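*Asks:* dropping a prediction and its sequence here:
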Amino acid sequence: MSIEETEPKESGGCLIRGCLFFSVVLFVFVGFCGWGAYSTYKNLYALTSDGSVGIPVYEGTAGPAVQSRLNAFAEALEAKKSATLRLDVDDMNALVLFDPAFSLLKNRVYFGIEKDCLTAQMSVPLDQMRGLQGRWFNGKITFQPKMENGHLSLVPILIQAGNREAPMGVIKALQAFSWSNIFIPNPKTEELFSGIKAIRVEKNELVIEAN
């Protein structure tokens, strides 16, 4: 994992630590909950369980170093400098484990990379979904992150739970869903996101480039 800046980094910056990355990983929650608008109750229920399951947990010590590099990238983004942030699987899972900004995901999500996609192995409660109170989604989502015209787009490729897969109609509906209203909650954040040139997965890393 590395960060490369084309200009010297200035100290400070008011962007909350983890704001950028959290906006990406939030997909695993709002994406699944938003699914209810596009699928039948029967299809949803078939992919749920009546309890949680254990998922892998990062066991390294990279947390503080990754937090520091993420902060540096956020400051470069806020200062409208060119910068590139690279996060491998250990980096992403270290942030989930160690950074308070990602506490919602702790012990609930474990990230991986398969080919040119991110994966999120999950065990999350579905209490916010009507008719699914007390049920859990224990499975994996495979998706591709993209930035288009300053807006984050997360393209789901596959949703699995055990030996079941979400119907293709659900996948296509989520692919067509406009995520910008969810991931850009206020003008300040929208301004910061507009500075991101690209976000992609390559060579087993999540790569985020700022103008």
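*Replies:* Noted; the coordinates are in hand.
*Asks:* quick one: strands adjacent to the strand or helix carrying residue 110?
*Replies:* Assigned by DSSP states H and E, residue 110 belongs to strand 109-114. Paired strands of strand 109-114, with direction, are strand 117-125 (antiparallel) (DSSP bridges).
*Asks:* okay, buried residues for the partner strand please.
*Replies:* Applying a neighbour-count criterion of 16 or more other CB atoms under 10 Å, one finds 117-125 buried in strand 117-125. Backbone N, C-alpha and C define where each C-beta goes, glycine included.
*Asks:* so for it, what's the average pLDDT?
*Replies:* The average pLDDT within strand 117-125 is 89.
*Asks:* residues in contact with it?
*Replies:* With CB atoms under 8 Å, 6 or more residues apart in numbering as the test, strand 117-125 has contacts from 25, 27-29, 32, 52-56, 107-113, 135-145, 157, 201, 206.
*Asks:* and the buried ones among those, selectable in PyMOL?
*Replies:* Burial among the contacts of strand 117-125 is assessed by 16+ other CB under 10 Å; the matching PyMOL selection reads:
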select buried, resi 25+27+28+29+32+55+108+109+110+111+112+113+135+136+137+138+139+140+141+142+143+144+145+157+201+206
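*Asks:* for residue 119, which non-adjacent residue is spatially closest?
*Replies:* With CB to CB, 6 or more residues apart in numbering as the criterion, residue 119 has its nearest non-adjacent residue at 4.2 Å, and that residue is residue 112.
*Asks:* ok, that neighbour - contacts?
*Replies:* Residues near residue 112 by CB under 8 Å, 6+ apart: 89, 118-121.
*Asks:* in this structure, which strand is the longest?
*Replies:* Longest strand of the chain, by residue count under DSSP state E: strand 136-148.
*Asks:* for that one, name the packing helices and strands.
*Replies:* helix 27-34, strand 117-125, strand 151-161, strand 196-202 (3 or more CB pairs under 8 Å, 6 or more residues apart in numbering; DSSP states H and E).
*Asks:* distance to residue 175 added to these, as TSV?
*Replies:* As requested, the helices and strands packed on strand 136-148 are exported to TSV (distance: least, CB to CB, whole Å):
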stretch	distance to residue 175
helix 27-34	11
strand 117-125	13
strand 151-161	6
strand 196-202	17
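*Asks:* of all these, which one is nearest residue 62?
*Replies:* strand 117-125 (18.0 Å; CB to CB).
*Asks:* so what's residue 160 up against?
*Replies:* Residues near residue 160 by CB under 8 Å, 6+ apart: 139-142, 166.
*Asks:* from residue 124, how far off is the closest residue to residue 76 other than its chain neighbours?
*Replies:* Nearest residue to residue 76, sequence neighbours excluded (CB to CB, 6+ apart): residue 83, at 3.8 Å. Using CB to CB, to the nearest Å, residue 83 is found at 32 Å from residue 124.
*Asks:* what about this structure, any weak spots by pLDDT?
*Replies:* 1-40, 149-150, 177-193 (pLDDT under 70).
*Asks:* for it, longest helix please?
*Replies:* In the chain, ranked by residue count with DSSP state H as the criterion, the top helix is helix 63-78.
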